[in-house]
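**Student:** Build the 3D model from these lines:
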Amino acid sequence: MELGDGVVRSRIEKHTVADRVAAILEKKPRLKSAADSAGGKLRILVFKNERQVEVHAPGWKEPQKYEMTAFSGELGPKLKEGDRQIPEGVYGIEYLNPNSSFYLSLKVSYPNAADRARAKEEGRTNLGGDIMIHGKNVTVGCIPIGDDAIEDVFCLANAVGIKNVSVIIAPYDMRKGRKAELEVGAPSWYPELCNQLEEALK
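**Tutor:** Numbers count the residues shown, from 1 in each chain. Predicted coordinates:
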């Protein structure tokens, strides 16, 4: 969901990132060792077709895997505000929201420079924004993973620092081979974006 209202409301609520993290660690002490062994970086992989989110770290043998709890739109990139699409591309995390309307959230850096450049070439404006990875089980363009899972991701992202978190959102899991049938009906530049996503997932 595009959570502008939730972000505004967060400014007047009481929780801080620190107290949210402390409460999570008290409940889930295993996250401290996971954060300590992460190696200082996280990659969050989002596969829309599979409705799955994976969190990878250099120091882990296996990723953490979570199911998306809701989905909106179709496969393909986000082009404008209100299209209900989950973006596709390589992003960062701009901030952690400890008072999200959807429990906790991480702000994805959509639109990025590539999104803006493509939109400028095509004369598109109003690209939308406030794309979050968040809790609960509703969405109109964000990435919900439920409250239990968002506690893990929120705490781990805080531990390594948001500048050390990358987010790769792909139409499907390209590590298993390309599927042309999942890359159709999109803008002319979409194959190039898919090539970039395939490379980023290696």
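**Student:** Now do the SS call for residue 79.
**Tutor:** Put simply, residue 79 is coil when judged by DSSP: H, G, I helix; E, B strand; the rest coil.
**Student:** residues contacting it?
**Tutor:** 85, 119, 124, 127, 187 (Cβ atoms under 8 Å, 6 or more residues apart in numbering). C-betas here are computed from N, CA, C, even on glycine.
**Student:** In this structure, where is pLDDT below threshold?
**Tutor:** Where the chain drops to pLDDT under 70, the residues are 1-13.
**Student:** Spatially central residue in it, please.
**Tutor:** residue 133 (4.6 Å; Cα atoms, centre = their mean).
**Student:** Can you say which helix or strand has it in it?
**Tutor:** Per DSSP states H and E, residue 133 falls inside strand 132-134.
**Student:** contacting residues around the helix or strand that that strand is followed by?
**Tutor:** Counting by DSSP H and E, the element after strand 132-134 in chain order, helix or strand, is strand 143-144. Residues outside strand 143-144 that contact it (Cβ under 8 Å, 6+ apart): 1, 46, 53, 68-70, 86, 102, 108, 131-138, 169.
**Student:** Just checking: what are the partner strands of strand 143-144?
**Tutor:** strand 132-134 (parallel) (DSSP bridges).
**Student:** Which parts of the protein are strands?
**Tutor:** All strands of the chain, identified by DSSP state E, fall at 42-47, 52-56, 64-67, 89-100, 103-108, 132-134, 143-144, 165-170.
**Student:** Using TSV, lay out the ones you listed together with distance to residue 157.
**Tutor:** As requested, the strands of the chain are exported to TSV (distance: least, Cβ to Cβ, whole Å):
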stretch	distance to residue 157
strand 42-47	6
strand 52-56	9
strand 64-67	12
strand 89-100	6
strand 103-108	6
strand 132-134	9
strand 143-144	13
strand 165-170	5
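**Student:** Go through the protein and flag its longest helix.
**Tutor:** In the chain, taking DSSP state H as the definition, the longest helix is helix 147-160.
**Student:** Which neighbouring elements make contact with that helix?
**Tutor:** When contacts are defined as 3 or more Cβ pairs under 8 Å, 6 or more residues apart in numbering; DSSP states H and E, helix 147-160 sits against helix 17-27, helix 30-36, strand 42-47, strand 52-56, strand 64-67, strand 89-100, strand 103-108, strand 132-134.
**Student:** Redo those as a markdown table? Include distance to residue 164.
**Tutor:** Formatted as a markdown table, the helices and strands packed on helix 147-160 follow (distance: least, Cβ to Cβ, whole Å):
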| stretch | distance to residue 164 |
| --- | --- |
| helix 17-27 | 15 |
| helix 30-36 | 11 |
| strand 42-47 | 7 |
| strand 52-56 | 12 |
| strand 64-67 | 16 |
| strand 89-100 | 9 |
| strand 103-108 | 13 |
| strand 132-134 | 16 |
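**Student:** so which of the ones you listed is the most packed in?
**Tutor:** Stretch with highest mean neighbour count among the helices and strands packed on helix 147-160: strand 132-134 (a mean of 28; mean count of other Cβ atoms under 10 Å).
**Student:** before we move on, back to that, do you know which of the strands of the chain lies nearest residue 14?
**Tutor:** When the strands of the chain are compared for distance to residue 14 using Cβ to Cβ, the nearest one is strand 89-100, at 7.7 Å.
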